[in-house]
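Student: Dropping a prediction and its sequence here:
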Amino acid sequence: MERAGSFTAVPGVGGVFMGATAIAAAWIAASQTNATRWFAAWLSEASLALLIGIAAAARKSAHARIPLFSAPGRKFVAAFVPSMAAGALLTAVLFRGGMIGILPGTWLLLYGAGVVSGGAASVRVVPLMGACFMAIGTVALLAPFSWGNALLAAGFGGLHIIFGAVISIKYGG
């Protein structure tokens, strides 16, 4: 019943891969000697995760023979993109202003907000995942910047792996 009218192409396996690359990015970013290189490591990860997510959603959708941009798919994108656009704009402004310390929390919080919003058109576990991202984002905003990579790894790495596995097992692929 829950799947009827829901966007079920949220990629579980893709989420696991996104989580694995985020953990690698956290390790790489932690070894960078300046803010610009740290920033570049995470921007590279965001680009890679985006590609993985799109490819995995398209693959899952094709396998299920459901159009990726069905009505629920379009609702998911329409609800998810505004938070991502706000995150991109804030990232540029905060980095330019030298406020790199609040980027981990900003990224996690806004990604979580996008997942919660998009998840309204998806299966029940997706908004729960978004709420978990928002919780880690809140911690990251209140914690010292030195915790940033660990919290980014926990969120973008751990949460994607955990929820990706759940989505894969319970909803396929």
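Tutor: Done, it's in.
Student: in this structure, which spans are helices?
Tutor: In the chain, the helices defined using DSSP state H lie at 12-30, 35-64, 71-96, 103-119, 125-142, 148-152, 160-171.
Student: Output the contacting helices and strands for the shortest one.
Tutor: Right, the one you point to is helix 148-152. With contacts taken as 3 or more C-beta pairs under 8 Å, 6 or more residues apart in numbering; DSSP states H and E, helix 148-152 sits against helix 12-30, helix 103-119, helix 125-142. C-beta: built from backbone N, CA, C; applies to glycine.
Student: could you list every residue that touches Arg59?
Tutor: Pro11, Gly14, Gly173 (C-beta atoms under 8 Å, 6 or more residues apart in numbering).
Student: err, Gly12, not the other one
Tutor: Lys60, Phe163, Gly164, Ala165, Val166, Ile167, Ser168, Ile169, Tyr171, Gly172, Gly173.
Student: Select only the buried ones of those in ChimeraX?
Tutor: Buried members of those, defined by 16 or more other C-beta atoms under 10 Å, are picked up in ChimeraX with:
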select :60,163,164,166,167,168,171,173
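Student: Just send the contacts of Arg59 back as JSON lines, with pLDDT and distance to Ile52 too.
Tutor: Shown next, in JSON lines, are the contacts of Arg59 (pLDDT from 0 to 100; distance: C-beta to C-beta, whole Å):
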{"residue": "Pro11", "pLDDT": "82", "distance to Ile52": "8"}
{"residue": "Gly14", "pLDDT": "91", "distance to Ile52": "5"}
{"residue": "Gly173", "pLDDT": "70", "distance to Ile52": "13"}
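Student: nearest to Pro144, of these?
Tutor: Set against Pro144, the nearest of the contacts of Arg59 by C-beta to C-beta is Gly14 (32.0 Å).
Student: show me what contacts the closest one?
Tutor: Residues in contact with Gly14 (C-beta under 8 Å, 6+ apart) are Ile52, Gly53, Ala55, Ala56, Ala57, Arg59, Lys60, Gly164.
Student: picking that back up, now distance to Thr36 too, for the contacts of Gly12, in TSV please.
Tutor: As requested, the contacts of Gly12 are exported to TSV (distance: C-beta to C-beta, whole Å):
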residue	distance to Thr36
Lys60	36
Phe163	31
Gly164	31
Ala165	34
Val166	36
Ile167	35
Ser168	36
Ile169	40
Tyr171	40
Gly172	41
Gly173	37
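Student: which one of the contacts of Gly12 is nearest Ala85?
Tutor: For those, the nearest to Ala85 is Phe163 (23.0 Å; C-beta to C-beta).
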